[in-house]
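**Q** Based on what follows, work out the 3D shape:
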Amino acid sequence: MFATSSIKGLFMAKKFTFRGKSFEEIEAMSLDDFINLLTARQKRTLRRGFTDKQKKLLEKVRKVKGQDRFIRTKCRNMIVLPEMVGAKIGVYSGFEYKQVIITQEMIGHYLGEFVLTRKRVQHSAPGFGATRSSKFVPLK
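**A** Residues are numbered from 1 along each chain as shown. Sure thing, here's the model as predicted:
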């Protein structure tokens, strides 16, 4: 049958890694070392420096680290950094602030990727104001 070690390996949870590094290693890295792990677009964005809004958001995240507080921001172009993991951030969708809880898997992505700006289109039966041809609905 199965060896004990293979059965044990089947039921163990997969440990998070980002480009071959564990979360503890990434958290201990300096920002310059972390930037080298990212893709080209994120590298370029971070090497150019943070904008004033991004700096303000990072300060707020550092301030409420470990607390159960909600930070609201319109800064959708902020890249998720390791120090932001565990924070609750309300990202503006153009209509409202949607809550995003930052997890380890989000590292290296933009905040705007997790909050959609458009609603899903749901069409129904033709109604008032429809054209003549679309008002016809077969009885079948």
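**Q** how about H109, phi and psi?
**A** Torsion angles at H109 (phi, psi; degrees, to the nearest 10) stand at phi -100, psi 170.
**Q** Please shift the residue numbers so they start at 16 in all later answers.
**A** Renumbered: residue one is now 16, and that last one reads H124.
**Q** neighbours around it, how many?
**A** Look at H124: counted by other CB atoms under 10 Å, it has 13 neighbours. Placement of C-beta: from N, CA and C, glycine included.
**Q** next one: the one 4 residues further on
**A** The tally of other residues near E128 (other CB under 10 Å) stands at 12.
**Q** again with the one 3 residues further on
**A** Neighbour count of L131, defined by other CB under 10 Å: 11.
**Q** So which elements touch the longest helix belonging to the chain?
**A** In the chain, with assignment by DSSP state H, the single longest helix is helix 67-78. Helix 67-78 sits against strand 85-88, with contacts defined as 3 or more CB pairs under 8 Å, 6 or more residues apart in numbering; DSSP states H and E.
**Q** Can you list the buried residues in the strand it packs on?
**A** I86, T88 (16 or more other CB atoms under 10 Å).
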